[in-house]
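>>> Quick one: sequence and predicted model below, then my questions.
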Amino acid sequence: MKEKELRRSMSVFPIGTVMKLTDLTARQIRYYEEQDLIHTERNEGNRRMYSLNDIDVLLEIKDYLTDGLNMAGIKRIYEMQEKEKLSFQNSTHQLTDHDVRRILYDEIVSQSGMIGKSKDSFQSGGPRL
DNA sequence: GTTCTCACA
DNA sequence: TGTGAGAA
């Protein structure tokens, strides 16, 4: 049933709708697009149009951000997924998107996952870079 | 009224 | 990332 995938990939929402659905600012949404985290289409008026898929990705990004990941970490997750599609295409292991995502998430969080903590201990009057 | 691009505090 | 200017 590829029908749904097609529909999910149809860019039909203006940025205003996406803002409400994701609680992100227009600035952030456009920035993530610039970072190649999502790929929007433009309509006749040069307006960005977003698909349900884009919204899903944006929602994920927001979760990653909440857990202290930075743009670099998030980009890795999505770069890795593309890489995985190209190189494991012919079925040595069959990890699902979800599996790949969870594995990378765990790795990255455990490496740079203490951002929030160090932030707290350095917050007031702490040393500046 | 909404969104776009670009620039700057 | 936020915000404002000027245009579409």
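Perfect, thanks for sending it.
>>> how much space between residue A:59 and residue A:22?
6 Å (C-beta to C-beta, to the nearest Å). For glycine as for every other residue, the C-beta is placed from the backbone atoms N, C-alpha and C.
>>> what's the answer for residue A:34, then?
With C-beta to C-beta as the criterion, residue A:34 and residue A:22 are 16 Å apart.
>>> Likewise for residue A:69?
Distance check for residue A:69 against residue A:22: by C-beta to C-beta, it reads 16 Å.
>>> Equivalent analysis for residue A:1, please.
26 Å.
>>> more crowded one of those two?
Neighbours were counted for residue A:1 and for residue A:22 using other C-beta atoms under 10 Å; residue A:22 has more, 20 against 5.
>>> Let me know how buried residue A:39 is, in neighbour terms.
13.
>>> oh sorry, the question was meant for residue A:107
15.
>>> do the same with residue A:70
Residue A:70, neighbours per other C-beta under 10 Å, totals 13.
>>> For chain A, which residue gets nearest to DNA strand B?
residue A:16 (2.4 Å; C-beta to the nearest atom of the strand).
>>> for that residue, helix, strand, or coil?
Three-state assignment for residue A:16 (DSSP: H, G, I helix; E, B strand; the rest coil): helix.
>>> How many neighbouring residues does it have?
Residue A:16 has 10 nearby residues by other C-beta under 10 Å.
>>> swap in residue A:32?
Applying other C-beta under 10 Å, we find 21 residues neighbouring residue A:32.
>>> what packs against the helix or strand it falls within?
Using DSSP states H and E, residue A:32 sits in helix A:26-34. Under the contact criterion of 3 or more C-beta pairs under 8 Å, 6 or more residues apart in numbering; DSSP states H and E, helix A:26-34 touches helix A:15-22, helix A:52-66.
>>> The shortest one close to DNA strand C?
The reference is to helix A:15-22. No: contact of helix A:15-22 with DNA strand C (C-beta under 7 Å from any atom of the strand) is absent, the minimum separation being 10.6 Å.
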